[in-house]
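[1] Predicted model and sequence below, questions to follow.
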Amino acid sequence: MTQSYNTTNNINSDNDALSSIQPPAHERTHSAHQASTGNTNPAKTDTDTIHNTQTVQPLLQALADKHGFDDSQIKTDAESLEYWGKDWTKHFAPAPCAIVFPKTTEQVQAIVKLANDYNFVITPSGGRTGLSAGAVASNGEIVVSMDKMNKIGQFYPADRMVEIEAGVITEQLQQFAEEQGLYYPVDFASAGSSQIGGNIGTNAGGIKVIRYGMTRQWILGLTVVTGKGDILHLNKGMIKNATGYDLRHLFIGSEGTLGIVTHAQIKLERPPQDLTVMVLGMDEFDHVMHVLSAFQAQIDLTAFEFFDSVAIEKVLASGHVQEPFSERSKYYALIEFEAPYEPIMDKAMSIFESCMENGWVIDGVMSQSIAQATELWKLREYISETISVFTPYKNDISVLISHVPDFIHDIESVVNANYPDFEICWFGHIGDGNLHLNILKPENLDKDSFFEKCKSVNDHVFAVVQKYNGSVSAEHGVGMTKKPYLDYTRPNVEIDYLRAIKQVFDPNGIMNRGKIFDLD
């Protein structure tokens with residue numbers, strides 16, 4: 001006997017799905033409001049949503065009748081469509097036609113094949129912590145949420161590898177690694193809510209890239225369902241595999257436009273030992289780069305983060321972090337390194353003293369315990385949450401480290417010429433060339449006017465990025481928000497090759513249509 005699924009499932013009836021996308025529990029949580037940039041795409045009308053919800057019924061019934069989907073795996077109520085149809089960006093109003101929650105790779109395959117048959121577009125969905133609208137369903141798409149595919153599978157001790165489902169939370173993987181006496185080093189503020197599948201889709205970076213690299217470096221294998229509905233097992237966890245094209249790397253960073261990642265084989269690492277943190281104050285940006293070079297020449301750093309006086313002023317004013325310095329500097333660097341042996345600490349102190357003697361560093365503090373290191377990290381990690389109340393307009397950009405000083409000078413010239421009354425806040429992962437430019441909204445300017453002013457100068461900002469052969473999106477993906485500016489980083493002939501690759505894996509164009517680039 002066939003079972004008719006319930007189309008009125010409410011968001012509150014599925015605590016399992018909810019739990020994986022609540023704001024992260026740990027203290028390094030970004031505020032969801034930080035990405036608020038105004039709804040520039042008008043919301044779908046009620047008629048549009050009802051029409052889409054009605055026309056998708058045969059597909060949803062097929063999932064229930066033929067592929068074992070129960071009531072908890074299909075949602076079409078308005079509250080759920082709103083909740084699962086968006087990420088942290090506010091550029092586009094969510095308007096999906098249904099949310100589905102597969103539990104197996106085969107169920108994902110069934111969704112994709114039916115979407116091809118019925119001509120529906122799919123939006124893959126993870127923790128939805130992205131800042132580029134890559135997980136926003138704004139045009140009647142079927143959202144495929146990976147919330148129910150959240151199991152950690154087999155662990156291979158000799159290989160330091162673990163198999164996981166795509167819906168596993170980043171912090172969950174970090175905790176598992178710790179239980180095995182190992183370490184998963186990809187880390188960022190949304191680790192408590194982001195999912196590994198989403199991290200793979202954007203090739204997520206974070207605060208440890210200078211030492212450990214991006215997500216790509218930690219993926220030994222993938223199971224994917226292509227846009228055609230084929231199941232591929234890519235690389236199968238091997239370190240050495242010289243048998244032609246490594247297709248796994250096409251899916252890493254593809255933002256769900258080629259298919260859906262369902263499982264991953266993740267490499268783990270030995271944990272760092274005796275991490276020590278320094279925060280140094282400097283009055284010239286060039287001195288930040290001198291300090292980076294001085295430390296990197298002699299010590300393997302695990303992090304080198306940068307923030308300016310505006311950032312630290314906002315964080316300290318929030319009252320959540322204690323003032324570490326007797327007087328303020330214009331720029332700051334947070335340096336983290338392993339110091340399991342006394343000679344390493346002696347070398348670090350020697351470098352610090354040399355930086356002071358050269359006039360590069362004005363003041364500095366160093367952690368003496370894990371608790372103190374945690375407190376110093378708050379100076380950097382609380383920035384996004386703290387400045388969110390100022391409705392920042394954000395850009396996530398990168399260039400070669402060698403170009404950073406000239407790049408920042410040129411960007412500041414552009415911004416100051418166009419925003420003379422706006423407050424600018426710089427921070428980022430300067431050890432890997434990734435900078436976050438934040439323009440803070442004045443109190444006397446409404447949000448829509450503020451965003452329009454900011455967007456009007458985007459072309460000038462990205463022209464500077466292009467001048468230095470940089471990227472318009474260092475770690476948040478392209479999605480829809482950076483799509484109009486992709487050609488500042490990727491020439492048109494290269495984008496044509498991207499379209500050709502998509503055609504192979506997704507010939508009907510159903511996978512996350514409208515993200516990264518348009519099909520024509």
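    Nice, I can see it.

[2] can you count the residues close to the nearest residue to residue 455 once chain neighbours are set aside?
    Counting by CB to CB, 6 or more residues apart in numbering, the nearest residue to residue 455 once its immediate chain neighbours are dropped is residue 393, at 7.9 Å. For glycine as for every other residue, the C-beta is placed from the backbone atoms N, C-alpha and C. When neighbours are defined as other CB atoms under 10 Å, residue 393 has 23 of them.

[3] now swap in residue 374 and tell me
    Applying other CB under 10 Å, we find 14 residues neighbouring residue 374.

[4] Which pLDDT value goes with it?
    At residue 374, the predicted lDDT confidence score is 94.

[5] could you check the distance from it over to residue 275?
    In this structure, residue 374 and residue 275 are 10 Å apart, going by CB to CB, to the nearest Å.

[6] Please apply the same query to residue 180.
    For residue 180 relative to residue 275 (CB to CB), the value is 19 Å.

[7] three-state assignment of residue 221?
    Under the three-state scheme (DSSP: H, G, I helix; E, B strand; the rest coil), residue 221 adopts strand.

[8] Name whatever forms a beta bridge with it.
    According to DSSP bridges, the residues that bridge with residue 221 are residue 265.

[9] surely residue 88 meets residue 133?
    No: between residue 88 and residue 133 no contact is recorded; they are 9.1 Å apart, counting by CB atoms under 8 Å.

[10] These two: which is more packed in?
    residue 133 (29 against 23).

[11] before we move on, the earlier item: might you report the residue contacts of the residue nearest to residue 455?
    Applying CB atoms under 8 Å, 6 or more residues apart in numbering to residue 393 gives the contacts 37, 438-439, 441, 450-451, 454-455.

[12] can you count the residues close to residue 377?
    Using other CB under 10 Å, the number of residues around residue 377 comes to 22.

[13] surely it meets residue 334?
    Yes: using CB under 8 Å, residue 377 is in contact with residue 334, at 7.1 Å.

[14] joint contacts of those two?
    By CB under 8 Å, 6+ apart, residue 377 and residue 334 have these common neighbours: residue 277.

[15] hang on, the earlier thing: comparing residue 180 and residue 275, which shows the higher neighbour count?
    residue 275 (17 against 13).

[16] So residue 292 is in contact with residue 429, correct?
    No: applying CB under 8 Å, one finds residue 292 not in contact with residue 429, separated by 11.4 Å.

[17] more crowded one of those two?
    In this comparison of residue 292 against residue 429, neighbours counted by other CB under 10 Å, the higher total goes to residue 429 at 24 against 20.

[18] so who does that one touch?
    Taking CB under 8 Å, 6+ apart as the definition of contact, the neighbours of residue 429 are 205-207, 209-210, 303-306.

[19] cool, and residue 113?
    In this structure, residue 113 makes contact with residue 229, judged by CB under 8 Å, 6+ apart.

[20] same deal with residue 308?
    With contacts defined as CB under 8 Å, 6+ apart, residue 308 is in contact with 330-332, 425-427.

[21] Which one (most neighbours) among the residues you listed?
    Neighbour counts for the contacts of residue 308 (other CB under 10 Å) peak at residue 332, which has 26 neighbours.

[22] so that residue, which of the three states?
    Under the three-state scheme (three-state DSSP), the conformation of residue 332 reads as strand.

[23] Just the pLDDT for it.
    What the model reports as pLDDT for residue 332 is 97.

[24] May I have the beta-bridge partners of it?
    As assigned using DSSP bridges, the partners bridged with residue 332 are residue 281, residue 307.

[25] Hmm, it is touching residue 278, no?
    No: under the criterion of CB under 8 Å, residue 332 lies out of contact with residue 278, with a separation of 10.4 Å.

[26] Am I right that residue 394 is in a helix?
    No: note on residue 394: no helix contains this position according to three-state DSSP, which reports strand.

[27] any idea how far the nearest residue to it once chain neighbours are set aside is from residue 117?
    Nearest-residue entry for residue 394: residue 438, 5.5 Å, with adjacent residues in sequence omitted and distances by CB to CB, 6+ apart. Here residue 438 is placed at a distance of 45 Å from residue 117 (CB to CB).

[28] Those two: which has the busier surroundings?
    A count of neighbours by other CB under 10 Å puts residue 438 above the other of residue 438 and residue 117, at 25 against 13.

[29] The helix or strand containing that one: partners in the sheet, and parallel or antiparallel?
    Using DSSP states H and E, residue 438 falls within strand 434-440. Taking DSSP bridges as the criterion, strand 434-440 sits next to strand 393-398 (antiparallel), strand 423-429 (antiparallel) in its sheet.

[30] Residue 457 reaches residue 422, doesn't it?
    No: Residue 457 sits out of contact with residue 422 when judged by CB under 8 Å, with a separation of 10.3 Å.

[31] any residues in contact with both of those two?
    Residues touching both residue 457 and residue 422 (CB under 8 Å, 6+ apart): residue 415.

[32] pLDDT below threshold where in this structure?
    1-51 (pLDDT under 70).

[33] all helices for the stretch 251-400 of the chain, in order.
    Taking DSSP state H, counting those that start in this stretch as the test, the helices found in the stretch 251-400 of the chain are 285-296, 309-317, 342-357, 370-381, 383-387.

[34] Would you mind pulling the contact partners of the first one?
    Spelled out, it's helix 285-296. Helix 285-296 has contacts (CB under 8 Å, 6+ apart) with 280, 282, 301, 304, 306, 330-331, 333, 335, 337, 348, 351, 354-355, 358-361, 401, 404-405, 408-409, 430-431.

[35] Any of those residues buried? List them.
    With neighbours counted using 16 or more other CB atoms under 10 Å, those contain these buried positions: 280, 282, 301, 304, 306, 331, 333, 335, 337, 348, 351, 355, 360-361, 401, 404-405, 408, 430-431.

[36] count of residues packed around residue 178?
    Using other CB under 10 Å as the criterion, residue 178 is surrounded by 13 other residues.

[37] so it sits in a strand?
    No: with the criterion set as three-state DSSP, the secondary structure at residue 178 is helix rather than a strand.

[38] ok, it touching residue 271?
    Yes: counting by CB under 8 Å, a contact exists between residue 178 and residue 271, whose distance comes to 7.2 Å.

[39] How about the contacts made by the nearest residue to residue 317 once chain neighbours are set aside?
    Using CB to CB, 6+ apart and skipping residues adjacent in sequence, the residue nearest residue 317 is residue 386, 8.0 Å away. Contacts for residue 386 (CB under 8 Å, 6+ apart) come out as 314-315, 317-318, 320.

[40] rerun at 10 Å
    Taking CB atoms under 10 Å, 6 or more residues apart in numbering as the definition of contact, the neighbours of residue 386 are 31, 34, 311-318, 320-321, 378, 425.

[41] Go ahead and build a ChimeraX selection from the buried members of those.
    Selecting only the buried entries of the contacts of residue 386 in ChimeraX, with 16+ other CB under 10 Å as the criterion:
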select :31,34,311,312,314,315,316,321,378,425
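
[42] thought residue 232 was touching residue 248?
    Yes: at 9.0 Å, residue 232 counts as touching residue 248 under the criterion of CB atoms under 10 Å.

[43] check contacts around residue 445.
    Counting by CB under 10 Å, 6+ apart, residue 445 touches 391, 421-422, 451, 453.

[44] ok, now with 8 Å
    By CB under 8 Å, 6+ apart, the contact set of residue 445 is residue 453.

[45] roughly how far apart are it and residue 456?
    As for residue 445, its distance to residue 456 is 14 Å (criterion: CB to CB).

[46] With residue 224 instead?
    Using CB to CB, residue 224 is found at 40 Å from residue 456.
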